[in-house]
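*Asks:* Take this sequence and fold it.
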Amino acid sequence: MTLELIGAGFGRTGTLSLKAALETIGLGPCHHMLEVFVNPGSEKSWYQASLGNEIDWEALLDGYRSIVDWPGCRFWRELSQRYPSAPVLLSVRNPESWYESASETIYQAIKTAKASEDPTVRERVKMADKVVFQDTFSGRFEDRAFAISVFEAHIEEVRRTIPEERLLVYQMGDGWEPLCKFLGRRVPDQDFPHVNARNEFQERMKQGRAPSTQ
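*Replies:* You can find the predicted model right below:
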């Protein structure tokens, strides 16, 4: 199985809803950070990728037809080159609301999980922290202006790099039509999924369930 869609959007741009949507229209399973936290083993390969080491992408993503969210979006360039026929989905959001959401969810989740006594959890959190906060935001996520500038620069870099005919810039609320048209899929006879809103994420944290980055 080869990747049929590459998500380049950061977490907290609706990526878990997009995972559900893609799986509904036949592009599942869809990889997402949540997969790392519920399926053991892959965090080591993602960590090695973050160090710049050579990765067997086919082995790492075996069984997945699409990918969204971190850690995949950190490697959008490598994946888009490795799978040149796969379209690229760039999920976006208002930068200010994105930062507020990310700081109150994934940033807090990673900080909290670092204190876990479970070595497996610590290994996964080590990877997530490296890929998201160290690599993407240079360890400066708490600098709001800097983090937002990284978010905006990422969007512009993807738009500048990926040919227009291969790229869909998508914002939650756009619904099924642009996504299905872009991918040549039939519009489902059901509402577009909306999952893992901020309050749901925070409740997940309180219950000690796997953090995701939607």
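*Asks:* and after the longest helix along the chain, which helix or strand comes next?
*Replies:* Counting residues, the longest helix found in the chain (DSSP state H) is helix 144-161. Helices and strands here follow DSSP states H and E; after helix 144-161, the next one along the chain is strand 167-171.
*Asks:* Also compute the angle for that next one relative to helix 144-161, please.
*Replies:* 150 degrees (axes from the mean of the first three to the mean of the last three C-alpha atoms, to 10 degrees).
*Asks:* Next one: the spatially most central residue of the chain from Gly14, what distance?
*Replies:* For the chain, Asp69 is the residue whose C-alpha lies nearest the centre (C-alpha atoms, centre = their mean; 0.4 Å). The gap separating Asp69 from Gly14 is 10 Å, by C-beta to C-beta, to the nearest Å. Where you see a C-beta, it was placed from the backbone N, CA and C, and this is true even at glycine.
*Asks:* Below-threshold pLDDT in this structure: ranges please.
*Replies:* Across the chain, the ranges flagged by pLDDT under 70 are 196-214.
*Asks:* For it, which segments count as helices?
*Replies:* Per DSSP H, the chain carries helices over the ranges 15-24, 33-38, 42-50, 57-60, 76-82, 95-104, 106-113, 119-128, 144-161, 176-183, 198-206.
*Asks:* deepest of those, which one?
*Replies:* Sort the helices of the chain by mean neighbour count, taking mean count of other C-beta atoms under 10 Å, and helix 15-24 sits at the top with a mean of 23.
*Asks:* From the contact counts, what lies against that helix?
*Replies:* strand 5-7, strand 30-31, strand 88-92 (3 or more C-beta pairs under 8 Å, 6 or more residues apart in numbering; DSSP states H and E).
*Asks:* chain center to the shortest one: distance?
*Replies:* In this case it means strand 30-31. 9 Å (C-alpha atoms, centre = their mean, to the nearest Å).
*Asks:* got it, and stretch 182-199?
*Replies:* 16 Å.
*Asks:* cool, and stretch 14-31?
*Replies:* 11 Å.
*Asks:* what's the answer for stretch 175-184, then?
*Replies:* Centre-to-centre, stretch 175-184 and its host chain are 19 Å apart (C-alpha atoms, centre = their mean).
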